[in-house]
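S.K.: starting from these lines, generate the structure:
(one chain, ligands or ions: 1)
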Amino acid sequence: MTEPLVQITGVRELAHDLVVIPDRRVQLVPNIGLIGGRHSVLVVETGLGPRNAETVLKFATEYARGRKLYLTTTHFHPEHAFGARVFAGEATFLLNRDQADDLKVKGPGYLEMFKGLGEAVARELEGVELARPDLVYDREYDLDLGGRVVRLRAVGRAHSRGDQVVRVPDADVLFAGDLVEAAQFAIFPWFPPHDTDVSGTRWLAVMQRLAEEGTRTVVPGHGDVGDARLLADVRDYLRLLRDETWARRDSAMSEETIVEEISALMIERHPDWAGREWIEKGVGCLCSEHPA
Ligand SMILES: [Zn+2]
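M.R.: Numbering: from 1, shown residues only. Okay, the predicted model is just below:
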């Protein structure tokens, strides 16, 4: 596994004063955004652990050139939010309430789980202290950066219990976090009995809404920046996953056989997508959501 390090390379300006530090398709490195206005800059995602967050904070401080810093994260998962403590005193940390609860309640368990993913991950998670947000909102928050208003929206339970999206209307850019991955199967953190917060049906409903709203540019949690097609791709994948899972569930097929058949079907449809292990998790989640 490539070390999960944020590197300030290939930084891409998606619109005026709006850049993305790309994930370079390295596992456990998220796409990180910086959105600037006249007097403030919003950073989206921290990277995995304090060292990565220091890299991001240093870049953000240079980028901001004296402007005030804000930080938000799309959801509480370690590579997105577990560096937030490094921003304390430097940036105002802003979260939707469900995500703040996730970070507090589930953060410690995820910290231990991720430390077990290997030495390189454990090293980046050394010394992690989970941050507490400075400002918490319930459903929606409009952040004025000076001549540019960014819309933070809690979408409700989907990939996690507390996902939010970040929309920059004047540039028509959407930061989707792990609701959307490019060239990768949807990540279902379905780990019963420890974590069953992910919901395939609710996630699909969110994607239907986001795809309907449309967006010129979509920044996925992981993978290359794209356009509205990314939203439709995830929506279509989740819909097919649900329909195929439920059709087999109706026929009382064993979950093992359902997983086998649907994995084969999805891999045939998307031979170039990474993360095939997440298909099985998705089937498991949707089996549990079967209406019968
Ligand atoms: Zn995630």
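
S.K.: can we go C-alpha only for contacts and neighbour counts from here?
M.R.: Will do.

S.K.: tell me the first helix or strand C-terminal of the longest strand seen in the chain.
M.R.: Counting by DSSP state E, the longest strand found in the chain is strand 173-181. Counting by DSSP states H and E, the next helix or strand C-terminal to strand 173-181 is helix 200-213.

S.K.: what residues sit buried inside that next one?
M.R.: With burial defined by 16 or more other C-alpha atoms under 10 Å, the residues of helix 200-213 counted as buried are 200-201, 203-208, 210-211.

S.K.: one more: stretch 266-286?
M.R.: 266, 276, 278-286.

S.K.: can you check stretch 236-244 too?
M.R.: Result for stretch 236-244 [16+ other C-alpha under 10 Å]: buried residues 237-239, 241-242, 244.

S.K.: and the helix ranked longest in the chain, how far out from the chain's middle?
M.R.: Ordering each helix of the chain by length in residues (DSSP state H) puts helix 229-250 first. On the basis of C-alpha atoms, centre = their mean, to the nearest Å, helix 229-250 sits 19 Å off its chain's mean C-alpha point.

S.K.: cool, and stretch 129-138?
M.R.: Worked out by C-alpha atoms, centre = their mean, stretch 129-138 lies 17 Å from the chain centre.

S.K.: buried ones in it?
M.R.: 129-133, 136-137.

S.K.: and for stretch 180-200?
M.R.: Buried positions in stretch 180-200, judged by neighbour count with 16+ other C-alpha under 10 Å: 180-190, 197-200.

S.K.: what's that stretch in contact with?
M.R.: If you take C-alpha atoms under 8 Å, 6 or more residues apart in numbering as the criterion, stretch 180-200 is touched by 157-161, 178-179, 220-226, 230-231, 234, 238, 242, 272-276, 278-279, 281-282, 284-286, 289.

S.K.: for R97, give me its contacts.
M.R.: 136-139, 162.

S.K.: returning to that earlier point: so how far is the longest strand of the chain off the chain centroid?
M.R.: 6 Å.

S.K.: got the angle for it vs helix 200-213?
M.R.: 150 degrees (axes from the mean of the first three to the mean of the last three C-alpha atoms, to 10 degrees).

S.K.: what average pLDDT does strand 173-181 get?
M.R.: The average pLDDT for strand 173-181 rounds to 98.

S.K.: could the buried residues of stretch 266-286 be laid out in JSON lines, adding secondary structure and distance to E112?
M.R.: Shown next, in JSON lines, are those (DSSP: H, G, I helix; E, B strand; the rest coil; distance: C-alpha to C-alpha, whole Å):
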{"residue": "M266", "secondary structure": "helix", "distance to E112": "32"}
{"residue": "R276", "secondary structure": "coil", "distance to E112": "24"}
{"residue": "W278", "secondary structure": "helix", "distance to E112": "21"}
{"residue": "I279", "secondary structure": "helix", "distance to E112": "24"}
{"residue": "E280", "secondary structure": "helix", "distance to E112": "23"}
{"residue": "K281", "secondary structure": "helix", "distance to E112": "20"}
{"residue": "G282", "secondary structure": "helix", "distance to E112": "23"}
{"residue": "V283", "secondary structure": "helix", "distance to E112": "26"}
{"residue": "G284", "secondary structure": "helix", "distance to E112": "23"}
{"residue": "C285", "secondary structure": "helix", "distance to E112": "23"}
{"residue": "L286", "secondary structure": "helix", "distance to E112": "26"}
